[in-house]
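Undergrad: For reference, the sequence and a predicted model appear below.
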Amino acid sequence: MEILLAIVVASAVIFFGALISMGNERQRRAIDGLREQVVLWAVQDLKIKREHLVQTVQVPDPINWVNKVVNRVYGQDLNLKVVEVFENPHALLCISQNDGTNVVFTIFSPTEIKALKRVKNNRLSQTIDGNPLLLLPRNAVAFEFSVLNSGILFDLELPLAWKGLTGNDLDEMNSIWMYLRP
């Protein structure tokens, strides 16, 4: 009798545990569905807001725009001034008028720059001598600027600012990297 009672109690505990687990799983799926709907709504809301602003995107003063973006992401006003433009690979060398720090802007990530530095004894290495990307020290601090940290219209303003500063058009610029040379 005691064994039968123990089996019934254990079965009931297992049965109720299974029911609770199934209910929790159903709730989890419902919450995941709600989360997905909220994300889709937020993306659509951003698209609508961007559509209203796209037609008015202008960058009349590119270096001022760069200074504002750097201030937003880096947290300091560097008061940048353009020193030199490099075309192969694309780079923009600036200097901070506050403390003389060299700042390099490029579309290349740190891993891509490492790959460029490894290239030896070919035509590309002959044309890129003196490029600040190849002279970056290992301890150069890198920051990526994108829509996520630089503003809702960053990917639309960046090509305009880059063309204004360098005179070059770059295809599909969605982000840019800033390297601080100590």
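TA: Right, received. Where do you want to start?
Undergrad: residue ranges with poor pLDDT in the protein?
TA: In the predicted model, the chain carries pLDDT under 70 at residues 120-129, 182.
Undergrad: Centre-most residue in it?
TA: residue 146 (4.0 Å; CA atoms, centre = their mean).
Undergrad: Spatially, what comes nearest to that residue if we skip its sequence neighbours?
TA: residue 175 (4.0 Å; CB to CB, 6 or more residues apart in numbering). C-beta: built from backbone N, CA, C; applies to glycine.
Undergrad: Neighbours of the one you found, how many?
TA: Residue 175 has 16 neighbours, counted by other CB atoms under 10 Å.
Undergrad: same thing with residue 44?
TA: Other residues near residue 44 come to 10 when the count uses other CB under 10 Å.
Undergrad: Could you say which helix or strand holds it?
TA: helix 2-54 (DSSP states H and E).
Undergrad: Name the residues of stretch 173-180 that are buried.
TA: Neighbour-count burial for stretch 173-180 flags 173, 175-180 (criterion: 16 or more other CB atoms under 10 Å).
Undergrad: One more: stretch 99-107?
TA: Buried residues in stretch 99-107, counted by 16+ other CB under 10 Å: 102-107.
Undergrad: what's the first-to-last distance across that stretch?
TA: The first and final residues of stretch 99-107 sit 25 Å from each other (CA to CA, to the nearest Å).
Undergrad: outside of that stretch, which residues touch it?
TA: 66, 70, 78, 80, 83, 89-96, 113, 132-133, 136, 140, 170, 173, 175-182 (CB atoms under 8 Å, 6 or more residues apart in numbering).
Undergrad: Filter these down to the ones in strands?
TA: When these are checked against strands (DSSP state E), the matches are 80, 83, 90-96, 176-181.
Undergrad: measure the nearest residue to residue 180 once chain neighbours are set aside to residue 103 for me?
TA: Nearest in space to residue 180, with sequence neighbours left out and distances taken as CB to CB, 6+ apart, is residue 141 at 4.5 Å. According to CB to CB, to the nearest Å, residue 141 and residue 103 sit 10 Å apart.
Undergrad: joint contacts of the two?
TA: Taking CB under 8 Å, 6+ apart as the contact criterion, the common neighbours of residue 141 and residue 103 are 179-180.
Undergrad: list the contacts for the residue nearest to the centre of the chain?
TA: Contact analysis of residue 146 by CB under 8 Å, 6+ apart lists 154-155, 174-175.
Undergrad: Quick one: end-to-end distance for stretch 149-157.
TA: 14 Å.
Undergrad: Check stretch 164-173 too.
TA: With CA to CA as the measure, the ends of stretch 164-173 fall 14 Å from one another.
Undergrad: Using neighbour counts, pick out the buried residues of the helix or strand where residue 165 lies.
TA: With elements taken from DSSP H and E, the one containing residue 165 is helix 154-166. Neighbour-count burial for helix 154-166 flags 154-162, 165-166 (criterion: 16+ other CB under 10 Å).
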